[in-house]
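Novice: sequence below, structure please.
(2 chains)
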Amino acid sequence: MSGFLGSTVGKKYIMGISGLVWAGFVLAHMAGNLLIFVSHDAYNAYGHAITSGNLLYVAEAILLLALFTHVFMAFSLTAQNRAAKSSRYAVAASGEKRVSLASRTMAIQGSLILVFIILHLITFKYGTHYETTVNGVVMRDLARLMEEVFQMPGYVIWYVVALILLGFHLSHGVGSSFQSLGLMEGSYRGLWKKLSYTYGIIVALGFIAQPLYLFVFAH
Amino acid sequence: MAGKTLNLTLRVWRQKGPKDQGGFVDLQAKNVSEDASFLEMLDAVNEELVGKGDEPIAFDHDCREGICGACGFVIDGEAHGPMKSTTVCQLHMRNFTDGATLTIEPFRAQAFPVIKDLMVNRSAMDRIISAGGYISQNAGNAVDANAILVPKADADEAMSSATCIQCGACVAACKNASAALFTSAKISHMALLPQGQVERKERAIRMVAAMDAEGFGACTTTGACEAACPKDIQLTNISRMNREFLVANATKREKHSDGGAG
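Specialist: Down below sits the predicted model:
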């Protein structure tokens, strides 16, 4: 087992699995957030339903473990990769042999996304605690906080940039995970790749729609 | 009938030996026939250098037919130059424009130390092959054709993987200097055929271990290797290698200490 986990191939399996955990989470998070388009009450009731159960701690533990694993492996592999390629070419490849920007800059994207996750938690999860009553139940008014935060143009811009980065990261990462897990061989190869691009676009657009909507219409 | 000729400026990497710092030197390639291959163009430049009493540019080459995999360096950031599915010996000067400046460098990877100028030591790849890229059973006499049944799709796929000429362009093009495309092509080639089944698991484990031990990086699926490969080896091989490696690790049996049945 240590031979497997210590190898570059094994490390990529871990990268892929931990990445897919987060890829699944961000889609669910995005879908839930879309309730802001229904009503503030629906959004708050959804948030309350999720945060009031014990299941949240299990989910948070899994996510935290996956995040630490993903980041730790990323550092380990990036260090190994940099050591393997200590000198660069004087001229960068162009034309047909050029590779996608998303695939070349995964480590930089990942680092920025990590910064975003931390700031995001500070702003929302540990942000101002407003309260509201929906159907007689007192709960946190996250919709109000969201509306306030997304009145600030600077925050909206940073949020949109970070989400574009996340979409970029997913568009390469999801497909790359399937490749690392040994599933990119065979007839579904093309489909997996398209799914990966689509996934990145859907997640990014879904998230971005909310701050833009609130910034423009919620005055 | 002579075709058109080109005049080019070459920014060539000159390095006296493995320990030398190395650096770019500007050289002129004048009246180059557009029908010449890239290596023939370098031959002409070298003749001129030798005529002046200078050291010729050292570069690897052998068959010059795009078969052997001996040649290879980087032109303007692209392993084997700008044309897809082409070795540098089969790259013709008609693909370049008159008056252009071309930057020519050796393959860059920690596992490929520079020997001199554009020549690098690719024996790390030989050691990966030595670790398991073969079938050690005695095959005996040649059997009748089709005596061993192989599905056409598998035979085709194995053949595509087997076309790898071990030139190292995949490693050179990869930003991580990963040898995953090369190693996976060799693992795939034999994993797909009946003759390769006996040592299938051992092979995957030992070749991946050898690849890591040589200091190659990990695959980040950029696809630079596939784009640079003169033989069109596909990324799908890497996915197959990963699965082979997982399955081999999960299902391999420990060797019996008593040596098993006599």
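
Novice: secondary structure element for residue 207?
Specialist: Assuming you mean chain A. helix A:189-217 (DSSP states H and E).

Novice: try chain B instead
Specialist: Going by DSSP H and E, residue B:207 is part of helix B:200-213.

Novice: next, the buried residues of that helix.
Specialist: Under the neighbour-count criterion of 16 or more other CB atoms under 10 Å in any protein chain shown, helix B:200-213 has B:200, B:201, B:203, B:204, B:205, B:206, B:207, B:208, B:209, B:210, B:211, B:212 buried. Every C-beta, even on glycine, is put in place using the N, C-alpha and C of the backbone.

Novice: ok, and of those, which contact chain A?
Specialist: B:205, B:208, B:209, B:211, B:212 (CB under 8 Å from any CB of the partner chain).

Novice: my read is that the third one contacts residue A:3, right?
Specialist: Yes: with contact taken as CB atoms under 8 Å, residue B:209 and residue A:3 are classed as touching, separated by 7.1 Å.

Novice: re the thing from before, with distance to residue A:67 and pLDDT added, can I get the buried residues of helix B:200-213 in JSON lines?
Specialist: Output for the buried residues of helix B:200-213, formatted as JSON lines (distance: CB to CB, whole Å; pLDDT from 0 to 100):
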{"residue": "B:200", "distance to residue A:67": "36", "pLDDT": "96"}
{"residue": "B:201", "distance to residue A:67": "33", "pLDDT": "96"}
{"residue": "B:203", "distance to residue A:67": "35", "pLDDT": "97"}
{"residue": "B:204", "distance to residue A:67": "30", "pLDDT": "97"}
{"residue": "B:205", "distance to residue A:67": "30", "pLDDT": "97"}
{"residue": "B:206", "distance to residue A:67": "34", "pLDDT": "97"}
{"residue": "B:207", "distance to residue A:67": "32", "pLDDT": "98"}
{"residue": "B:208", "distance to residue A:67": "27", "pLDDT": "98"}
{"residue": "B:209", "distance to residue A:67": "29", "pLDDT": "98"}
{"residue": "B:210", "distance to residue A:67": "33", "pLDDT": "98"}
{"residue": "B:211", "distance to residue A:67": "29", "pLDDT": "98"}
{"residue": "B:212", "distance to residue A:67": "26", "pLDDT": "97"}
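
Novice: let me have these in CSV, extended by distance to residue B:83.
Specialist: Compiled in CSV, the buried residues of helix B:200-213 are given as follows (distance: CB to CB, whole Å):
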residue, distance to residue B:83
B:200, 36
B:201, 39
B:203, 33
B:204, 33
B:205, 37
B:206, 35
B:207, 30
B:208, 31
B:209, 35
B:210, 31
B:211, 28
B:212, 32
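
Novice: what's in contact with stretch B:54-61?
Specialist: B:12, B:14, B:27, B:39, B:42, B:45-46, B:49-50, B:70-73, B:89, B:115-120 (CB atoms under 8 Å, 6 or more residues apart in numbering or on different chains).

Novice: just the buried ones among the residues you listed, please.
Specialist: B:12, B:14, B:27, B:39, B:42, B:45-46, B:70-73, B:89, B:115-120.

Novice: report the helix or strand with the lowest average pLDDT across chain A.
Specialist: Of the helices and strands making up chain A, the lowest-confidence element is helix A:2-6, at a mean of 87, by mean pLDDT, DSSP states H and E.

Novice: any idea how far that helix is from the chain center?
Specialist: 27 Å (CA atoms, centre = their mean, to the nearest Å).

Novice: pull out the buried residues from the helix or strand just after that helix.
Specialist: Of the helices and strands lying after helix A:2-6 in sequence (DSSP H and E), the nearest is helix A:8-33. For helix A:8-33, a neighbour-count test (16+ other CB under 10 Å) marks A:8-16, A:18-23, A:26, A:30, A:33 as buried.

Novice: what kind of secondary structure is whichever residue of chain B sits closest to chain A in?
Specialist: Residue of chain B nearest chain A, by CB to the nearest CB: residue B:243 (2.8 Å). Here residue B:243 is recorded as helix under DSSP: H, G, I helix; E, B strand; the rest coil.
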